[in-house]
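Student: Could you work out the structure for the sequence below:
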Amino acid sequence: EGTAVVCAGTTLTYGDLDRRSSQLAWHLRRLGAGPEVPVAISVERSLEMVVGLFGILKAGAAYLPIDPLNPRERQSFMLEDCGAALLLTQDRWAASFRRAGLRVLCLDTDWETIACEPETKPPPLGGPANAIALLYTSGSTGRPKATLVEARGFLNLCEWFRAVCPITEGTRALLGFAFSFDAAFKNIVVPLLAGGRLVLADPGPFDAVDVWSAVRDEQVTF
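Tutor: From the prediction side, this is the model:
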């Protein structure tokens, strides 16, 4: 019953996160998600963002974050380059992703269908060498490049992060940058592995005043 995620005055308990991400994972598997299958997610900072991330991981697929505020050209390139056939988003962004060969699932307006799935965690698929994420570079050399992250490498990174940073059950950790930034992956997952609380700044472009307000109001410690 402990609070796992806080965003814009709304909260998600660990139990709710586990149940909702399990339902999403079952649904994604019915749509073809699994090992070595990239599943894109393009949402604003929200509870849905965290449910979507863990739903993808529980499905055994590879997580591909796409910032909804990125230029259309970059979004299209990433989807075509990796061959993603599934994308999670929110209704307000869905129209920009409607195209042939791409199944779009809205984590808000389509949730009634997703909620029909079992709440129990699906059995794991894949292993340590399977892809857990596809993270794209900024494109400073001309075109973005995909970095494939294996499960074992990411888990090693998480264990290192927990060892060198004071992240514990009492930690309140703020995600202080866009979720599509590569460092965000571990900064979302590790506080929850430790039993802490993940704090998300309000949706929309980052503003220093909003970030400081989140630090103050949620008593952020990391």
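
Student: what about the longest helix in this protein?
Tutor: With secondary structure taken from DSSP state H, the chain has its longest helix at helix 14-30.

Student: Pull the distance from the next helix or strand along the chain from that helix to the chain's centre.
Tutor: Reading on from helix 14-30 to the C-terminus, the next helix or strand found by DSSP states H and E is strand 38-42. With CA atoms, centre = their mean, to the nearest Å as the basis, strand 38-42 stands 9 Å off its chain's centre.

Student: With stretch 192-212 instead?
Tutor: Distance, centroid of stretch 192-212 to centroid of chain: 14 Å (CA atoms, centre = their mean).

Student: what's the answer for stretch 96-112, then?
Tutor: 16 Å.

Student: Mind listing what's buried along that stretch?
Tutor: For stretch 96-112, a neighbour-count test (16 or more other CB atoms under 10 Å) marks 97, 104-107, 110-111 as buried. C-beta: built from backbone N, CA, C; applies to glycine.

Student: cool, and stretch 205-218?
Tutor: Neighbour-count burial for stretch 205-218 flags 211, 214-215, 218 (criterion: 16+ other CB under 10 Å).

Student: just stretch 182-196 next, same as before
Tutor: Within stretch 182-196, the residues scored as buried using 16+ other CB under 10 Å are 184-192, 194, 196.

Student: those helices in this structure, which residues are they?
Tutor: 14-30, 47-59, 72-82, 91-94, 111-114, 151-164, 184-193, 208-217.

Student: wait, what's in contact with the residue nearest the centre of the chain?
Tutor: The chain has Leu53 as the residue nearest its centroid, 3.1 Å off, counting by CA atoms, centre = their mean. By CB atoms under 8 Å, 6 or more residues apart in numbering, the contact set of Leu53 is 41, 63, 188-189.

Student: Swap in 10 Å and give it another go.
Tutor: Neighbour list for Leu53: 21, 24, 41, 43, 63, 65, 88, 133, 179, 184-185, 188-189, 192 [criterion: CB atoms under 10 Å, 6 or more residues apart in numbering].

Student: same deal with Trp93?
Tutor: Trp93 is in contact with 42-44, 66, 68-69, 75, 87, 104, 106, counting by CB under 10 Å, 6+ apart.

Student: Kindly report the same for Thr10.
Tutor: Taking CB under 10 Å, 6+ apart as the test, what Thr10 contacts is 46-47, 200.

Student: By neighbours, which of those wins?
Tutor: Highest neighbour count within the contacts of Thr10: Leu200, with 23 neighbours (other CB atoms under 10 Å).

Student: Am I right that that residue is in contact with Met49?
Tutor: Yes: the pair formed by Leu200 and Met49 meets the contact definition of CB atoms under 10 Å, at 7.4 Å.

Student: Please enumerate the shared neighbours of the two.
Tutor: Taking CB under 10 Å, 6+ apart as the criterion, Leu200 and Met49 both touch 5, 7, 175, 179, 188.

Student: Please dump the residues you listed into a markdown table; it should also carry distance to Phe161 for every row.
Tutor: As requested, the shared contacts of Leu200 and Met49 are exported to a markdown table (distance: CB to CB, whole Å):
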| residue | distance to Phe161 |
| --- | --- |
| Val5 | 18 |
| Cys7 | 22 |
| Leu175 | 14 |
| Phe179 | 17 |
| Ile188 | 11 |
